[in-house]
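Student: All I have is the shape, not the residue letters:
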């Protein structure tokens, strides 16, 4: 058995874990989801769920990982083999997300150079340029490979020398860039309307759809339910303050999401662009937005896509580490062998995902690889995985054992831990189950029913064979 790696410093762990939480969901998904769900009211509900659900689940995952000093699969198998499937679903989730996430990461990386090369010179062609780029059968794959190689270079160096060192550099860089863009946006005429849209709640617009969108965003934006935080927690020393670290990481993730909103909405309102632009916001609307700014636009657009690439990178590194840790812990691979093995499989999946935009790759029930991987993870694996983590912690491990881990064997004291355990045992599983059911039903409504059934069947099969694994 190889000696367990550990984080070299508290700040290194915080930056790496915050980087895992901060990803495309913060800079890409949060602004357009907020825009489509009424702005301020959505943000207010989102912040409530971050505190009640996000913080609670993250603390639980850290505790489970550190408890046995094992990553996603081992943390469950060491307690009860019947629960091994929860860890396996987390590892599979990491594989599948990394089967399309580096494709988008490659787009972000490519757009840094596209902006420098003059993308903003012809604003009217930005939309068609993006469509032509992602449907090209070869060029996006090259950028995906470059992006994936950067991930490999970081993860193969280990925890303290690779992931931790990268986090210490990338997270401050991301914050500085977003603050700079937000400050510039706030100086534009009529920009305060964008601030009001983001922070002034209009509860008359709130319905069940808005609440579910806020709950889903709060849960998924923190990289929960996929084994990342369990894996990162497994590298923590027993002296670390789990509650304090969780609070700081949750706060950083939320700040980045709000900064992304401030980087976009004030400028959008200033130039009369609708805040409900949807998923095309980042690669079409944002470049047009910066093109409207004139001279400073090129510099700000370049910085924005650097920030987007950094955010994607800090998350994908943690997803790769989930799979790498599985090979190291359960298959006793060396770190380099585990990294190369995992990345090779991910690269193959990513090629199929990239080709699906050009209609070239294989399809299943009318869906390409990119959509299949996204549907399985976003609609099923993440929510069910998160729900099972809470049930495992609350009903299998139990209050006494969890509190011993979180209070460092009673050397620390927190007055709200009874509330936290009540949330984890009773409230959070129900709320996450609602997200899971809603996601599955939404999948059926959008014609992805067979894929939903495949995802449920995969979880059922892993659950049935867990005793033998």
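Tutor: Cool, got the structure. On a predicted model such as this, the values are computed, not experimentally measured, just so you know.

Student: And stretch 424-441, what's buried?
Tutor: Residues of stretch 424-441 classed as buried: 424-425, 428-429, 431-436, 438-440 (neighbour count, 16 or more other C-beta atoms under 10 Å). Placement of C-beta: from N, CA and C, glycine included.

Student: whoops, I mixed them up, stretch 58-78
Tutor: 58-77.

Student: cool, stretch 28-45 as well?
Tutor: 28-45.

Student: so how many other residues sit close to residue 332?
Tutor: 11 (other C-beta atoms under 10 Å).

Student: Help me confirm that residue 273 comes into contact with residue 287.
Tutor: No - with contact taken as C-beta atoms under 8 Å, residue 273 and residue 287 are classed as non-touching, separated by 11.6 Å.

Student: Off-centre distance for the helix or strand of the chain with the lowest mean pLDDT?
Tutor: Of all helical and strand segments in the chain, the minimum by mean pLDDT, DSSP states H and E falls on helix 24, at a mean of 80. What separates the centre of helix 24 from the centre of its chain is 7 Å, taken as C-alpha atoms, centre = their mean, to the nearest Å.

Student: What lies in contact with it?
Tutor: When contacts are defined by C-beta atoms under 8 Å, 6 or more residues apart in numbering, helix 24 is touched by residues 101, 104-105, 308, 311-312, 315.

Student: Name the nearest of those relative to residue 19.
Tutor: residue 315 (7.0 Å; C-beta to C-beta).

Student: quick one: contacts of stretch 261-275?
Tutor: Contacts of stretch 261-275 (C-beta under 8 Å, 6+ apart): 30-31, 34-35, 39, 43, 178, 181-182, 185-186, 188-195, 197-198, 277, 281, 285-286, 288-289, 292-293, 304.

Student: Please indicate which of these are buried?
Tutor: Taking 16+ other C-beta under 10 Å as the criterion, what is buried in the contacts of stretch 261-275 is 30-31, 34-35, 39, 43, 178, 181-182, 185-186, 188, 191, 193-195, 197-198, 277, 281, 285-286, 288-289, 292-293, 304.

Student: can you tell me which helix in this protein is longest?
Tutor: Determined from DSSP state H, the single longest helix within the chain is helix 295-331.

Student: what comes up buried for it?
Tutor: 297-330.

Student: now swap in stretch 171-184 and tell me
Tutor: Quick answer for stretch 171-184 (16+ other C-beta under 10 Å): 171, 174-175, 177-178, 180-182, 184.

Student: what separates the helix or strand that the longest helix of the chain is followed by from the chain centre, distance-wise?
Tutor: Scanning forward in sequence from helix 295-331 by DSSP states H and E, the next helix or strand is helix 335-355. Computed by C-alpha atoms, centre = their mean, the chain-centroid distance of helix 335-355 equals 19 Å.

Student: Which strands or helices does the helix or strand following helix 335-355 pack on?
Tutor: Sequence order places helix 369-375 as the next helix or strand after helix 335-355, per DSSP H and E. Counting contacts by 3 or more C-beta pairs under 8 Å, 6 or more residues apart in numbering; DSSP states H and E, helix 369-375 is packed against helix 335-355, helix 449-465.

Student: quick one, the first one and helix 295-331 angle?
Tutor: Right, helix 335-355. Calculated by axes from the mean of the first three to the mean of the last three C-alpha atoms, to 10 degrees, helix 335-355 forms an angle of 130 degrees with helix 295-331.

Student: Would you mind pulling up the elements that helix 335-355 packs against?
Tutor: Helices and strands touching helix 335-355, as assessed by 3+ C-beta pairs under 8 Å, 6+ apart, comprise helix 84-97, helix 101-116, helix 139-155, helix 295-331, helix 369-375.

Student: quick one: low-confidence parts of the protein?
Tutor: Along the chain, the parts satisfying pLDDT under 70 run over 1-2, 275-280, 467-469.

Student: Now do the same for the residue nearest to the spatial centre of it: helix, strand or coil?
Tutor: Nearest to the mean C-alpha position of the chain, by C-alpha atoms, centre = their mean, lies residue 223 at 4.3 Å. Following DSSP: H, G, I helix; E, B strand; the rest coil, the label given to residue 223 is coil.

Student: Let me see the contact set for residue 178.
Tutor: Contacts for residue 178 (C-beta under 8 Å, 6+ apart) come out as 27, 256, 259-260, 262-263, 307.

Student: Cross these against helices and list the overlap.
Tutor: The helices, defined by DSSP H, take in 256, 259-260, 262-263, 307 from the contacts of residue 178.

Student: contacting residues for the residue nearest to residue 393 when sequence neighbours are not counted?
Tutor: With C-beta to C-beta, 6 or more residues apart in numbering as the criterion, residue 393 has its nearest non-adjacent residue at 4.8 Å, and that residue is residue 60. With contacts defined as C-beta under 8 Å, 6+ apart, residue 60 is in contact with 389-390, 393, 402, 424.

Student: quick revisit: the more surrounded of residue 273 and residue 287?
Tutor: residue 287 (24 against 19).

Student: For the more buried one, give its distance to residue 120.
Tutor: Separation of residue 287 from residue 120 (C-beta to C-beta, to the nearest Å): 6 Å.

Student: overlap in contacts of these two?
Tutor: 126, 301.
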